[in-house]
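>>> Dropping a prediction and its sequence here:
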Amino acid sequence: MSGVVKPRVEHPGLPRNALGLSRRAYEGGMSTLCAGCGHDSVTAAIVQACFELSMPPQSVAKLSGIGCSSKTTAYFVSGAHGFNGVHGRMPAIAAGASAANRTLKYLGVSGDGDSLSIGLGQLGHAIRRNMDMLYLLENNGVYGLTKGQFSASADLGSKSKKGESNDHEPIDPVLLALALGATFVARSFSGDKEQLVPLIKMGLMHQGFALIDILSPCVTFNDHEGSTKSYAYVREHLQTPIAADFVESRREITVSYAAGEAVSVEMHDGSNVLLRKLDSSYDPTDRSAALAYVQERAAINEHVTGLIYLGEGRRHFHERHNTPDEALNSLAFDKLCPGSAALERILSRYR
Amino acid sequence: MHPTDTQDPDYYHRVVDCQWACPAHTDVPEYIRLIAQGRFSDAYMVNRESNVFPGILGRVCDRPCEPACRRGRVEDKPVAICRLKRVAADLRDDIRPRLPTAPAQANGKRIACIGAGPASLTVANDLVPLGYEVVILEQFATGGGLMRTNIPSFRLPAAVLDEEIGYVVEMGAELRLNSPVHSMSALLASREYDAVFVGTGAPKGKELSLPGRDQSDRIHIGIAWLEAVAFGHKKDIGENVLIIGVGNTAMDCCRSSLRLGAKNVKVMARKPRGFFKASEWELEDAEEESVEIVVNHSPKAFVIEDGQLRGMRFDRMEYQVEGGRIISETVLEELVFPCDDVILAIGQENAFPWIERDLGIEFDKWDVPKVDPATFQSTRREVFFGGDAAFGPKNIIWAVEHGHQAAISIHKHCTGQPVGERPPRGVRLQSRKMGMKEWSYKNDYNPLERRLVPHVSLKERFKQLNVEVELGFDLERAAVEVQRCLNCDIQTVFEPKLCIECDACIDICPTDCLTMTRDGPLEELEQRLKAPRRSRDQALYLSAPLKQTGRLMVKDEDLCVHCGLCAERCPTNAWDMQKSWVDIPHAEDEARCRS
């Protein structure tokens, strides 16, 4: 693909957002991933979500580690800040950046290898500290860059391209996040933008740690018969208990539902998450029920997608640490560095 | 919804906007690619197959292809298709060895073509190689018809005309010059010919009956005057000239006047700009030569004093225009424009004083022959009409197409087949994939300004009547202009069975012309397109239901720039870029498939 450049031409009637930008302004470089990679669809969904939220490109910080998934930050919002860190260490970089400047929207993109193997500890602590960021986990069940070995998220019994069977239990990032107390947990599928785009918008607007586990098929190494993360298998085994839509604060909620069918949850900025129950027994604000539901469905080989848990209100990183509203680099020097006398006073407290 | 039938020969043809708009269906993108490869002779031959006169048309075609050009939808100006045609003609080698010839054995049928214009020459071009003996009867001492008499030589040099008419004559057509036909009755009675083709054009200029019209010999009919100039009968004109009318003939009249010595030429238009009949580029060329175009002046009378033309009286008008139409008009004042000569260029029509009305050739209430629009046959079986003679003034490229169709009809008539059964069109497709990331075509999809054709300087061009004003593209300009072609004939062909619905094509499409969505009634489905539908001139492609979800792949053909990124991104080759050839049958194909 690197030999081809996307033409600058665009549809003359392309819609513009509140900033006067078209969706094309949120694109990035040309993808060098395999043709048909699910990650490229996730990229397109991020582009769409940022466009719809009218985010100034420079208000986004995109962070990643190593892997196919981690390459994708180069393919969207070229006007954003970005840092491509070492393998599995993206959460640490996000934590540092976020501590220094909480005005940006932190968007981390990682994969099942980067997050669930080498970076599992980093992911766990980012959740535990409730970092204010959206963490997208592009989950395809294989190590694509090293030619298709099973990853830690490969399902038990899933077949490799060569026909071997996986005999390890998978790590489910959704169960992990629920267990560790994440406040926004969702799962989606790269091939379902109608679901994914609103989820990304909610995740970006959510205060605290938002995880979206995205089933994103590896078209080269994990799209065969016997795979549980192929396009065909995922499509056949989707189970969505809640349809969630994001309603921006300046927009009126125009959709009307029968009583009891839909609930609206207000987010910190005045926008709303509109939840419509597809499974009447499901309550996305009940963490333990959500845990049980996902486990039950996994036992019958179903991938639960959609907004799984929304726990607004838990204190996040900035609230806990009382970080300044503005970026550290915009603070006056005397405020940022109180001087040796102040340091002396602090140190004396420990003597 | 039913899946789109892309095997319908018109489906992909329509996508190639230029070819669809061209009356003769010239395979424009194909010859533009050949020019890009420096294969000028091949490009010329691709042209010649459809339009017979690439050198002539590369200069003076009406270019219906250019307003249709897809490039005009993504930026201001279309590809300079016409000028590229001229590049092929200018830079070709001797192509005579590649032209068809008459077979050694004639088929014994004789065809008369009346008038040596583009329609008759096309009939001869198509029928001579099949063994027909074609005789072209021309009233003047030179062939070409209105191409010679009405198009000034500073736009179309005589040498270009001679050469391309020469090809048809060398093929074996008999061109009888100075042979006017005065009586159709006599021609038919001679029983010399198996069929007669009337290609006599629209040689009668329209009159403007206003007071004073008959009192001066300085009031001229445009096309007659141009003819007199072309044959050197008119060599001068007064200093102040008024041209009445603002069509392409008016443009030729005003520019010719300047070359005959006029100093001050005004084109008097009754209506405002936007209602002009002249092509935009002809208006530009005239205005570049300081011709003044005076709008909103309605001619009222010729001013004659002492038997001399002194000027012309006009009503200055004001129009109320609504939705591109004039809804009311007001006369503001009356005024006189002084002049030495007036040229009337307000239209022309076909005229057949030489066809007797008792031959079984029916004429309608406007005294125009009744001609079948598909077969060009008149109500007398062996008589066919084409070009301006058939349906009134159109243009050269239409005359060529009429000639092609009439040739098919004449062949069918002479071989005893029903003339009304037309040979079907066909379509062929072939992949343009060469390997990973390699396609056997290339273009620049990004905005790229149309190249301008260099002109002879204003000082030089008036020195002689026949200095050709346009110089044509040089290689450097041509090389840039060819890249502006979007290769609409390299089709995006979709195979639903192979699609895994990964969204790759949808995500990459720069113009959002692809959508994957559930089936539904067309009107409702259109609401779900990724980008709104702007035009109904182009089709909406609907695939068969896809394997995994049963959704349809929908493509708005209007917006596609044929960049091929969908095919490049497709992991399963469900999308492929394939060259489409639309088979437009000519008399030769008709003869071949019957034998």
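Good, I have the coordinates.
>>> from here on, contacts and neighbour counts on C-alpha atoms
Will do.
>>> Can you name the residue of the stretch 201-350 of chain A nearest to chain B?
Closest contact between the stretch 201-350 of chain A and chain B, by C-alpha to the nearest C-alpha, is at A:Ala232 (6.3 Å).
>>> per-residue confidence for the residue lying closest to that residue once chain neighbours are set aside?
Closest residue to A:Ala232 apart from its sequence neighbours, by C-alpha to C-alpha, 6 or more residues apart in numbering or on different chains: B:Gln548 at 6.3 Å. Looking at B:Gln548, its pLDDT reads 93.
>>> didn't B:Gln548 look like it was pressed against B:Glu501?
Yes - B:Gln548 is within contact range of B:Glu501, at 7.3 Å (criterion: C-alpha atoms under 8 Å).
>>> Quick one: residues contacting the residue of the stretch 201-350 of chain A closest to chain B.
A:223, B:500, B:548 (C-alpha atoms under 8 Å, 6 or more residues apart in numbering or on different chains).
>>> Which among those count as buried?
With burial judged by 16 or more other C-alpha atoms under 10 Å in any protein chain shown, the buried subset of the contacts of A:Ala232 is A:223, B:500.
>>> In helices, which of the contacts of A:Ala232 appear?
Among the contacts of A:Ala232, DSSP state H puts none in helices.
>>> how near is B:Glu588 to A:Arg102?
77 Å (C-alpha to C-alpha, to the nearest Å).
>>> brain fart, A:Arg16
Distance, A:Arg16 to A:Arg102, by C-alpha to C-alpha: 28 Å.
>>> Compare these two (neighbour count), which wins?
Between A:Arg16 and A:Arg102, counted using other C-alpha atoms under 10 Å in any protein chain shown, A:Arg102 has the larger neighbour count: 20 against 15.
>>> show me where the stretch 1-150 of chain A has strands.
A:60-64, A:81-84, A:105-111, A:133-139, A:142-143, A:149-150 (DSSP state E, counting those that start in this stretch).
>>> Present the contacts of A:Ala232 as TSV; the columns should include distance to B:Asn443.
Output for these, formatted as TSV (distance: C-alpha to C-alpha, whole Å):
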residue	distance to B:Asn443
A:Asp223	34
B:Ile500	29
B:Gln548	35
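>>> Of the contacts of A:Ala232, just say which sits nearest to A:Pro241.
Ranked by distance to A:Pro241 (C-alpha to C-alpha), those are led by B:Gln548 at 21.3 Å.
>>> which residues does B:Glu526 contact?
B:Glu526 neighbours (C-alpha under 8 Å, 6+ apart): B:532-533.
>>> Phi and psi next, for it.
As for B:Glu526, its main-chain torsions (degrees, to the nearest 10) stand at phi -60, psi -30.
>>> Contact residues of the stretch 401-550 of chain B facing chain A?
For the stretch 401-550 of chain B, the residues in contact with chain A (C-alpha under 8 Å from any C-alpha of the partner chain) are B:437, B:445-447, B:500-504, B:507-508, B:510-512, B:531-532, B:548-549.
>>> how about a cut-off of 10 Å?
B:436-438, B:444-447, B:500-513, B:530-534, B:547-549 (C-alpha under 10 Å from any C-alpha of the partner chain).
>>> Which of these fall within helices?
Going by DSSP H, the helices hold B:504-508 from those.
>>> Filter these down to just the buried residues.
Buried, going by 16+ other C-alpha under 10 Å: B:504-508, out of these.
>>> residues touching the most centrally placed residue in chain A, list them.
Geometric centre of chain A, nearest residue: A:Leu136, 2.4 Å, by C-alpha atoms, centre = their mean. Counting by C-alpha atoms under 10 Å, 6 or more residues apart in numbering or on different chains, A:Leu136 makes contact with A:42, A:46, A:64, A:69, A:107-111, A:115, A:186-187, A:200, A:203, A:210-214.
>>> near chain B, which residues of the stretch 151-300 of chain A?
So far as C-alpha under 10 Å from any C-alpha goes, the stretch 151-300 of chain A lies against chain B at A:190-193, A:216-217, A:219-220, A:223, A:230-233, A:235-236.
>>> Tell me the buried residues within the residues you listed.
Burial by neighbour count, 16+ other C-alpha under 10 Å: within those this picks out A:190-193, A:216-217, A:219-220, A:223, A:230-233, A:235.
>>> Now for these: which two are most distant?
Greatest spatial distance in those: A:Lys193 and A:Thr220, 21.3 Å, computed using C-alpha to C-alpha.
>>> how many neighbours does B:Gln527 have?
For B:Gln527, using other C-alpha under 10 Å, the count is 11.
>>> do you know how far the residue nearest to the centre of chain A is from B:Gly115?
The value you get for A:Leu136 to B:Gly115, if C-alpha to C-alpha is used, is 76 Å.
>>> again, but for B:Pro272
From B:Pro272 to B:Gly115 the distance is 37 Å (C-alpha to C-alpha).
>>> neighbour count winner among these two?
Using other C-alpha under 10 Å as the criterion, B:Pro272 and B:Gly115 rank with B:Gly115 on top: 30 against 16.
>>> Would you mind measuring from the more buried one to chain A?
48 Å (C-alpha to the nearest C-alpha, to the nearest Å).
>>> thought that residue was touching B:Ala202?
No - when contacts are counted by C-alpha atoms under 10 Å, B:Gly115 is not listed as touching B:Ala202 (11.0 Å).
>>> Which neighbours do these two have in common?
In contact with both B:Gly115 and B:Ala202: B:145-146, B:389, using C-alpha under 10 Å, 6+ apart.
>>> In the stretch 1-150 of chain A, what residue spans correspond to helices?
Along the stretch 1-150 of chain A, the segments classed as helices by DSSP state H, counting those that start in this stretch run A:38-52, A:68-71, A:90-100, A:112-116, A:120-128.
>>> and of those, who's closest to chain B?
Closest among the helices of the stretch 1-150 of chain A, using C-alpha to the nearest C-alpha: helix A:38-52, at 5.9 Å.
>>> is the closest one up against chain B anywhere?
Yes - interface with chain B: helix A:38-52 contributes A:38-45 (C-alpha under 10 Å from any C-alpha).
>>> Run a quick neighbour tally on B:Glu49.
Neighbour tally, B:Glu49, other C-alpha under 10 Å: 19.
>>> Chain neighbours aside, what residue packs nearest to it?
B:Thr26 (7.9 Å).
>>> Please report how far A:Asn171 lies from A:Ala298.
If you look again at residue A:171, you'll see it is Ile, not Asn. 12 Å.
>>> tell me the contacts of the nearest residue to B:Gly238 once chain neighbours are set aside?
Leaving aside its chain neighbours, B:Gly238 sits nearest to B:Asp340 (5.2 Å; criterion: C-alpha to C-alpha, 6+ apart). B:Asp340 is in contact with B:218-219, B:237-242, B:262, B:308-312, counting by C-alpha under 10 Å, 6+ apart.
>>> Let's see that with 8 Å instead.
Contact partners of B:Asp340, counting by C-alpha under 8 Å, 6+ apart, are B:218, B:238-241, B:309-311.
>>> Would you check how far apart it and B:Val303 are?
In terms of C-alpha to C-alpha, B:Asp340 sits 11 Å off from B:Val303.
>>> shared neighbours, the two?
Common neighbours of B:Asp340 and B:Val303 (C-alpha under 8 Å, 6+ apart) are B:309-311.
>>> Filter those down to the buried ones, ChimeraX style.
Selection of buried members from the shared contacts of B:Asp340 and B:Val303 for ChimeraX, criterion 16+ other C-alpha under 10 Å:
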select /B:309,310,311
